[in-house]
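> Sequence and predicted structure below; questions after.
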Amino acid sequence: MKLEIENLHAEVDGKEILKGVTLTVKSGEVHAVMGPNGAGKSTLSNVIMGHPRYRVTSGDVKLDGASILGMSPDKRARAGIFMSFQYPVEVPGVSMASFLRSAHGAINGKEMPVLDFQKLVKEKTKMLGISDDFIKRGLNEGFSGGEKKKGEILQLAVLSPKLAILDETDSGLDVDALRTVAEGINKIADASDVGVILITHYNRILKYVKPDFVHIMSGGRTVKSGKSELALLIEEKGYSSPEVA
């Protein structure tokens, strides 16, 4: 897998947010995208996923050499792109297990036989340390913040995409939940060749998930890129430091 973002410009409601983002992500790589509020991080994730509210004005996004800009979000998902959300919604009456099977079938174009799918889910819940009762519950219904994010990581494990975009997965998590979610990300990354774009404000999740590359966004652009040490510099100096900006 190779995702190439080439001089990407995009707007929402007539306002330009992305002003020339260039980034390449390959299989097995973890890229942390950091920056202050309003930097364009979540806009970038929504543009990659094809959210209809966001309009690309110039540049391109390619997956394995082919542009995905003309593809609908569901086709991008079938092509192997997964996105988790900052605030997963509750879906009363739909169990986590039913949702996972429907999503897996939609992504792959056909539903897996029930027993085979149950075996797959059991393997993934065991790997992630998730109880069997968890998948019987309504999708995000009554879930804590940590449980919602744990559910997103389980979806990632079951759907097994080429590229995972994790948009502020650490948002609202306490220390224990953060560690649990981070361990899940690490296990999935170790067990597959998935490429990961991890969007975050803070270095705290990067203490558990070590990125191969760190990119700093500001004003709709990538202003600095480096290795994991760059995240430590941000924690020490802040985004406004001349060493970062």
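Nice, thanks for sending it over.

> outside of the top helix by length along the chain, which residues touch it?
Counting residues, the longest helix in the chain under DSSP state H turns out to be helix 175-191. The set of residues that contact helix 175-191 without belonging to it, under C-beta atoms under 8 Å, 6 or more residues apart in numbering, is 28, 30, 127-129, 144-146, 149-150, 153-154, 156-157, 164, 166, 169-170, 173, 194, 196, 198, 204-205, 208-209. Where you see a C-beta, it was placed from the backbone N, CA and C, and this is true even at glycine.

> Would you mind checking those for buried ones?
30, 128, 146, 149-150, 153-154, 156-157, 164, 166, 169-170, 173, 194, 196, 198, 205, 209 (16 or more other C-beta atoms under 10 Å).

> Tell me which entries of these lie within strands.
In this view, the buried ones among the contacts of helix 175-191 that belong to strands under DSSP state E are 30, 164, 166, 196, 198.

> Same list (those) but as TSV, adding distance to residue 3.
What follows is these, written out as TSV (distance: C-beta to C-beta, whole Å):
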residue	distance to residue 3
30	13
164	11
166	14
196	11
198	14
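
> would JSON lines of those residues with distance to residue 77 and pLDDT be doable?
Listed next are those as JSON lines, based on distance: C-beta to C-beta, whole Å; pLDDT from 0 to 100:
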{"residue": "30", "distance to residue 77": "21", "pLDDT": "97"}
{"residue": "164", "distance to residue 77": "12", "pLDDT": "98"}
{"residue": "166", "distance to residue 77": "15", "pLDDT": "96"}
{"residue": "196", "distance to residue 77": "16", "pLDDT": "97"}
{"residue": "198", "distance to residue 77": "19", "pLDDT": "97"}
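
> Sketch out the strands for the protein, chain order is fine.
Shown for the chain, the strands assigned by DSSP E span residues 2-12, 15-26, 30-34, 54-63, 66-67, 81-84, 91-95, 138-139, 163-167, 195-200, 213-218, 221-226.

> how far away is residue 142 from residue 132?
Between residue 142 and residue 132 the distance, using C-beta to C-beta, to the nearest Å, works out to 18 Å.

> what's near enough to touch the nearest residue in space to residue 37 that is not next to it in sequence?
Excluding its sequence neighbours, the residue lying closest to residue 37 (C-beta to C-beta, 6 or more residues apart in numbering) is residue 201, at 7.5 Å. Applying C-beta under 8 Å, 6+ apart to residue 201 gives the contacts 34-37, 168.
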